[in-house]
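Enquirer: Test case, fold it:
(2 chains)
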Amino acid sequence: AQSVTQPDIHITVSEGASLELRCNYSYGATPYLFWYVQSPGQGLQLLLKYFSGDTLVQGIKGFEAEFKRSQSSFNLRKPSVHWSDAAEYFCAVDVYSSASKIIFGSGTRLSIRP
Amino acid sequence: EAQVTQNPRYLITVTGKKLTVTCSQNMNHEYMSWYRQDPGLGLRQIYYSMNVEVTDKGDVPEGYKVSRKEKRNFPLILESPSPNQTSLYFCASSLLATPDTQYFGPGTRLTVL
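Expert: Below is the predicted model:
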C-alpha cells in the first residue's frame, strides 16, 4: 500500500542554523510530491511540489527539496531558518490514477531555538 | 480574494445530533476534498469530488456523507456523530482533478461529547 513516512515527529533547531526534514514514500511508480506547511491555527499552505524534471525544486520562503528516486525520498531543506519557520510540515504524495488521491505523512513539528 | 471558507470554525455537539460543516471556494475549482487531522496521523482523506455530482470515498469515509450540487460548495455531513469523530477537519480544493496544488480552508475543530 502507498505510504508516506516522516520519521521525525519533532525537531528543534537554532535560529540561523540549517534544516533538513526527511520524507520517504512507498509507491510503485514515480509519484507527485508535495511539501505543505501548517502554521499554528491555520490551514495548510503549499511550500513546493515535484511533478517531473529537475529533481531539485525551489519553493517559497527559501525552502528547497530534492527528489531521490533511488532512496524514495523527498527531503525538505533550508540553509538558514528564521523564527517564523516554526510550524508543522507535511510531506504528501499524490498517487494519481483517475483522480488525485493524496496521502499525507504524519507531520514534523519544527521548533526554533532563539 | 481567492479562498476556501469553512463554517463553523469551532463546534461542540453531542453524540447523535446531525451536523453539517460547510465548505465553499470562489476559485472555480473542479476538485474538492475533505480531510481530518488527528495527532500523529497527519491528514487523512474522507471524501473527494472531481466535479458537480461526482463524489467518491477517500480513506476514512465511515460515518460521513458529502454532496456536490454546485461547483463551489462541498458540505460534509455527519448524520449521527460519535466521539471518535472529534477531530480537526479541513476542506481543500484544486483547479483540476489531476495532480495539482491543494488550497486549504482554515479548518473546523469539532468536538463530539
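Enquirer: what's the distance between the helix or strand of chain A with the lowest mean pLDDT and the middle of its chain?
Expert: Across the helices and strands of chain A, mean pLDDT, DSSP states H and E gives its lowest value to strand A:102-104, namely a mean of 89. Remark: strand A:102-104 is offset 12 Å from the chain centroid, using CA atoms, centre = their mean, to the nearest Å.
Enquirer: residues making contact with stretch B:67-81?
Expert: The contact list for stretch B:67-81 (CB atoms under 8 Å, 6 or more residues apart in numbering or on different chains) reads B:13-26, B:28-30, B:32-34, B:46-47, B:49, B:51-55, B:63-66, B:85, B:89, B:91, B:93, B:110, B:112. C-beta: built from backbone N, CA, C; applies to glycine.
Enquirer: just the helices in chain A please.
Expert: For chain A, helices defined by DSSP state H do not occur.
Enquirer: what mean pLDDT does the strand of greatest length in chain B have?
Expert: The residue-count maximum for a strand in chain B (DSSP state E) belongs to strand B:42-51. In this model, strand B:42-51 has an average pLDDT of 92.
Enquirer: follow-up on the earlier one: of the contacts of stretch B:67-81, which qualify as buried by neighbour count?
Expert: Taking 16 or more other CB atoms under 10 Å in any protein chain shown as the criterion, what is buried in the contacts of stretch B:67-81 is B:13, B:19, B:21, B:23-25, B:29-30, B:32-34, B:46-47, B:49, B:55, B:64, B:66, B:85, B:89, B:91, B:93, B:110, B:112.
Enquirer: rewinding a little: near chain A, which of the contacts of stretch B:67-81 show up?
Expert: B:Ser33 (CB under 8 Å from any CB of the partner chain).
Enquirer: Which ones among the contacts of stretch B:67-81 map onto strands?
Expert: B:13, B:19-25, B:32-34, B:46-47, B:49, B:51, B:54-55, B:65-66, B:89, B:91, B:93, B:110, B:112.
Enquirer: Give me the distance between the longest strand of chain B and the centre of its chain.
Expert: Taking mean C-alpha positions (CA atoms, centre = their mean), strand B:42-51 and its chain are 7 Å apart.
Enquirer: With stretch A:67-81 instead?
Expert: Taking CA atoms, centre = their mean, the mean C-alpha location of stretch A:67-81 is offset from the chain mean by 8 Å.
Enquirer: Chain A: strands as residue ranges?
Expert: Under DSSP E, chain A gives strands at A:3-5, A:10-14, A:19-21, A:24-26, A:32-38, A:44-50, A:56-58, A:64-68, A:73-78, A:87-94, A:102-104, A:108-113.
Enquirer: got a list of what B:Ser33 touches?
Expert: Counting by CB under 8 Å, 6+ apart, B:Ser33 makes contact with A:100, A:102, B:45-49, B:58, B:74, B:91-93, B:102.
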